[in-house]
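Engineer: sequence unknown, structure follows:
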């Protein structure tokens, strides 16, 4: 069962193998270790204006980012989670740019430790966040934008039933240049009955096919 676990100051969502939890400064050492080891693998997919240096990864910058995300969560604009499996930091996933009013939509972005890629963790994290977005936040639409050459990430959303809405030219600065992105979306009406049972089967099948 996927549900919400009450915590004093952070938000935690529970899946089959993963726990998603808002990060705090106490997570810095684990986060920095993964980011350092996977830096070259991750930077090529991350938003960064042309000529700008990579994101600062010192403890003070990490603490400031955690604080900013907590303020964003309190204001209802978005929420970021660390992915944890058996206590190990596996990656991050964010539900960002939440729009209310007539839109009721948001965007999902994620990354996974290179050494743990192919185990279905990204798919499971997306499922957990979708459940939270649709059932607890009452959102109507969730989008995920993916660079066309990022085939593994595209497989994640396609297997979960996201609709391919086509190519957006030069949508985001990624690794210092404007990059085209494929837009994938899902609305609450497209989520079938017993959605968690169906999605769990997809996630686990994805893990088996890549192991």
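Structural biologist: Sure, I can see it. Since the model is a prediction, treat every value here as computed from it, not as a measurement. Numbering: from 1, shown residues only.

Engineer: and for residue 62, the neighbour number?
Structural biologist: Counted with other CB atoms under 10 Å, the neighbours of residue 62 add up to 21. Using the backbone N, CA and C atoms, a C-beta is placed for each residue, glycine as well.

Engineer: please report phi then psi for the residue nearest to it when sequence neighbours are not counted.
Structural biologist: Counting by CB to CB, 6 or more residues apart in numbering, residue 62 lies nearest to residue 28, which is 4.9 Å off, once chain neighbours are set aside. The phi and psi values for residue 28, taken as degrees, to the nearest 10, are phi -60, psi -50.

Engineer: so who does residue 28 touch?
Structural biologist: 59, 62-63 (CB atoms under 8 Å, 6 or more residues apart in numbering).

Engineer: export those residues to JSON lines and tack on secondary structure, distance to residue 33 and pLDDT?
Structural biologist: Converted to JSON lines, those look like this (DSSP: H, G, I helix; E, B strand; the rest coil; distance: CB to CB, whole Å; pLDDT from 0 to 100):
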{"residue": "59", "secondary structure": "helix", "distance to residue 33": "13", "pLDDT": "94"}
{"residue": "62", "secondary structure": "helix", "distance to residue 33": "12", "pLDDT": "95"}
{"residue": "63", "secondary structure": "helix", "distance to residue 33": "16", "pLDDT": "96"}
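
Engineer: between those residues, which is nearest residue 134?
Structural biologist: Set against residue 134, the nearest of the contacts of residue 28 by CB to CB is residue 62 (30.2 Å).

Engineer: that closest one and residue 35 touch, don't they?
Structural biologist: No. When contacts are counted by CB atoms under 8 Å, residue 62 is not listed as touching residue 35 (9.2 Å).

Engineer: for the spatially most central residue of the chain, which non-adjacent residue is closest in space?
Structural biologist: Nearest to the geometric centre of the chain sits residue 93, at 2.6 Å (CA atoms, centre = their mean). Spatial nearest neighbour of residue 93, excluding adjacent residues (CB to CB, 6+ apart): residue 110 at 4.0 Å.

Engineer: again with residue 36
Structural biologist: Take residue 36 and drop its neighbours on the chain: the residue closest to it by CB to CB, 6+ apart is residue 57, 7.5 Å away.

Engineer: tally of neighbours for the one you found?
Structural biologist: Using other CB under 10 Å, residue 57 is surrounded by 14 other residues.

Engineer: how about the secondary structure of it?
Structural biologist: Of the three states, residue 57 takes coil under DSSP: H, G, I helix; E, B strand; the rest coil.
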